[in-house]
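# sequence and predicted structure are below.
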Protein chains: 2
Amino acid sequence: MRKLRKPNAKERILETAGELFFQRGYSGVGINEIIEKAGTAKASFYQHYPSKESLCEAWLRAIHERSEEERSLLLAASEAPAAKLAAWFDRLEEFLVSSGFRGCPYSNTGAVSDESCPGIVAEIRRHKESTRVFLRRLAAQAIPDSQRADEIGDRLFVLYSGATSEAQNLKEIWPVQVARAAAAEWLEP
Amino acid sequence: MRKLRKPNAKERILETAGELFFQRGYSGVGINEIIEKAGTAKASFYQHYPSKESLCEAWLRAIHERSEEERSLLLAASEAPAAKLAAWFDRLEEFLVSSGFRGCPYSNTGAVSDESCPGIVAEIRRHKESTRVFLRRLAAQAIPDSQRADEIGDRLFVLYSGATSEAQNLKEIWPVQVARAAAAEWLEP
DNA sequence: CCATAAACAGACAGACCTGTCTGTAAAGTG
DNA sequence: CACTTTACAGACAGGTCTGTCTGTTTATGG
């Protein structure tokens, strides 16, 4: 029986864990399943990640960085701010539909994490605050009054979160469409 | 050693489980802890509830009925619709603060429940749809055009959900205040 | 007073969990 | 070829989980 050694166990683990955490939740997936699906040994896992919690942090950090890139591109684009916002909601809609309405990875993870996982909680806060900043900047591109722009940005943040959450709970897309319509009204006064 | 028999084991279990499920999440609490804190025997538990899942359903049903009562009272009150809505957000704010920003029990439970728990998922949908209807009715009291009232009711629903969710994630109250301000604007055009 | 229902106590099975450990095999590097 | 790094294989400990089972005790209604 030949034993082939595949490189990049760390990345394979992160990739696999990401899919599983997203689909079934952090608490619903075990290390054993992750390493089995990733095709690695348990010893390899603990060589790269000191614990399951640290793997979760790495996952959240990874998807945070990907979304940060997208947002930078969108902010710098030459479209009208309202069009950018609409495109952003379009992306959310496509994401939710194609992933089976699994909702926001951060909120889902936060629902099962308390003060006993400070690293995870910190990643969630970091991402959420960053989302808030992004939406404030986007609002600022459409609204001259900076105080009003911050207020609208915060509203967009809350609305976006609710759309994601309720699309997940109801397995329906209308919350996103309702949110997009409301957001559009805020950006063209 | 005297063995005292306490009546109403079923209710004590439901009460205790409700607190624990709410504080630490459905998946974070085990039967053993519930019966220990409730002061009952395991056999007593399984005499009343066939499974942990059925206990969770009973819990969600119980808090759903309590909130339905509150909503009926609020809808029937003689205040102005905008005042009712403000009062509703006030209640949400107080609830979140006093409970340590634990968020929405339904959304939290939904984050760790998939198609393997159909009863739980059904309870969540039922409550969320009922919340949507409540807010549509409240909107209808302020907005004559029934189509517009439904649209605003749906927006209120999404906004309310986002406020609850992000207050939980950030452990801050401003999402609720932002949502209340936005909601107020919708109700006085 | 006796029969029955409801609650108690707690052991047990069987599965799963995280994390540790020992040892081996393959690849890269000098 | 020797040496080091990386990955594989899998047993193991120690714990938790749900759910079942046996048997005992208390209260209540007829």
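Done, it's in.

# from here on, contacts and neighbour counts on C-alpha atoms
Fine.

# all helices for chain A, in order.
For chain A, applying DSSP state H gives helices covering A:9-24, A:31-38, A:42-48, A:52-76, A:81-98, A:105-110, A:118-142, A:146-170, A:174-187.

# okay, those helices in TSV with mean neighbour count and distance to chain B next?
As requested, the helices of chain A are exported to TSV (neighbours: other C-alpha atoms under 10 Å in any protein chain shown; distance: least, C-alpha to the nearest C-alpha, whole Å):
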stretch	mean neighbour count	distance to chain B
helix A:9-24	19	7
helix A:31-38	17	17
helix A:42-48	14	24
helix A:52-76	15	14
helix A:81-98	17	14
helix A:105-110	23	5
helix A:118-142	19	6
helix A:146-170	24	3
helix A:174-187	20	6
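
# mind putting those in JSON lines, distance to B:Ser98 and mean pLDDT included?
Shown next, in JSON lines, are these (distance: least, C-alpha to C-alpha, whole Å; pLDDT from 0 to 100):
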{"stretch": "helix A:9-24", "distance to B:Ser98": "30", "mean pLDDT": "95"}
{"stretch": "helix A:31-38", "distance to B:Ser98": "36", "mean pLDDT": "96"}
{"stretch": "helix A:42-48", "distance to B:Ser98": "40", "mean pLDDT": "94"}
{"stretch": "helix A:52-76", "distance to B:Ser98": "29", "mean pLDDT": "97"}
{"stretch": "helix A:81-98", "distance to B:Ser98": "32", "mean pLDDT": "98"}
{"stretch": "helix A:105-110", "distance to B:Ser98": "19", "mean pLDDT": "97"}
{"stretch": "helix A:118-142", "distance to B:Ser98": "20", "mean pLDDT": "97"}
{"stretch": "helix A:146-170", "distance to B:Ser98": "21", "mean pLDDT": "98"}
{"stretch": "helix A:174-187", "distance to B:Ser98": "28", "mean pLDDT": "97"}
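
# indicate which one of the ones you listed is closest to B:Glu57.
helix A:146-170 (15.4 Å; C-alpha to C-alpha).

# quick one: distance of the closest one to the chain centre.
In terms of C-alpha atoms, centre = their mean, to the nearest Å, the centre of helix A:146-170 is found 14 Å from the chain centre.

# helix A:174-187 and that one, what's the angle between them?
Computed by axes from the mean of the first three to the mean of the last three C-alpha atoms, to 10 degrees, the angle separating helix A:146-170 from helix A:174-187 equals 170 degrees.

# give me the nearest residue to A:Thr40, chain neighbours excluded.
Counting by C-alpha to C-alpha, 6 or more residues apart in numbering or on different chains, A:Ala9 is the residue found nearest to A:Thr40 once chain neighbours are left out, at 6.5 Å.

# re the thing from before, reformat the helices of chain A into JSON lines and put distance to DNA strand D next to each item.
Shown next, in JSON lines, are the helices of chain A (distance: least, C-alpha to the nearest atom of the strand, whole Å):
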{"stretch": "helix A:9-24", "distance to DNA strand D": "4"}
{"stretch": "helix A:31-38", "distance to DNA strand D": "8"}
{"stretch": "helix A:42-48", "distance to DNA strand D": "4"}
{"stretch": "helix A:52-76", "distance to DNA strand D": "13"}
{"stretch": "helix A:81-98", "distance to DNA strand D": "30"}
{"stretch": "helix A:105-110", "distance to DNA strand D": "18"}
{"stretch": "helix A:118-142", "distance to DNA strand D": "20"}
{"stretch": "helix A:146-170", "distance to DNA strand D": "23"}
{"stretch": "helix A:174-187", "distance to DNA strand D": "33"}
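
# the residue nearest to A:Thr40 reaches A:Tyr46, doesn't it?
No - counting by C-alpha atoms under 8 Å, A:Ala9 does not reach A:Tyr46; the two are 11.0 Å apart.

# show me chain A divided up by domain.
Domain assignment for chain A by automatic domain parsing gives A:7-49, A:64-187.

# between the ones you listed, which gets nearest to B:Ala184?
domain A:64-187 (12.5 Å).

# and that closest one, is it in reach of DNA strand C?
No - figure legend: domain A:64-187 not in contact with DNA strand C (C-alpha under 7 Å from any atom of the strand); closest approach 10.7 Å.

# span of that domain from start to end?
Domain A:64-187 stretches 26 Å from its first residue to its last (C-alpha to C-alpha, to the nearest Å).

# from chain A, which residue is nearest to DNA strand D?
A:Thr40 (3.3 Å; C-alpha to the nearest atom of the strand).

# if I look at that residue, what pLDDT would I see?
A:Thr40 carries a pLDDT value of 94.

# count of neighbours near it?
Number of residues near A:Thr40 (other C-alpha atoms under 10 Å in any protein chain shown) recorded here: 20.

# thought it was touching A:Asn8?
No - counting by C-alpha under 8 Å, A:Thr40 stays clear of A:Asn8, with 9.9 Å between them.

# which one of the helices of chain A lies nearest to B:Arg137?
B:Arg137 sits nearest to helix A:174-187 of all the helices of chain A, at 17.0 Å, using C-alpha to C-alpha.

# show me what that closest one is packed up against.
Packing partners of helix A:174-187 (3 or more C-alpha pairs under 8 Å, 6 or more residues apart in numbering or on different chains; DSSP states H and E): helix A:81-98, helix A:146-170, helix B:146-170.

# apply 10 Å and report the result again.
helix A:81-98, helix A:118-142, helix A:146-170, helix B:146-170 (3 or more C-alpha pairs under 10 Å, 6 or more residues apart in numbering or on different chains; DSSP states H and E).

# any chance of JSON lines for those helices, columns distance to B:Arg136?
Shown next, in JSON lines, are the helices and strands packed on helix A:174-187 (distance: least, C-alpha to C-alpha, whole Å):
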{"stretch": "helix A:81-98", "distance to B:Arg136": "23"}
{"stretch": "helix A:118-142", "distance to B:Arg136": "27"}
{"stretch": "helix A:146-170", "distance to B:Arg136": "16"}
{"stretch": "helix B:146-170", "distance to B:Arg136": "4"}
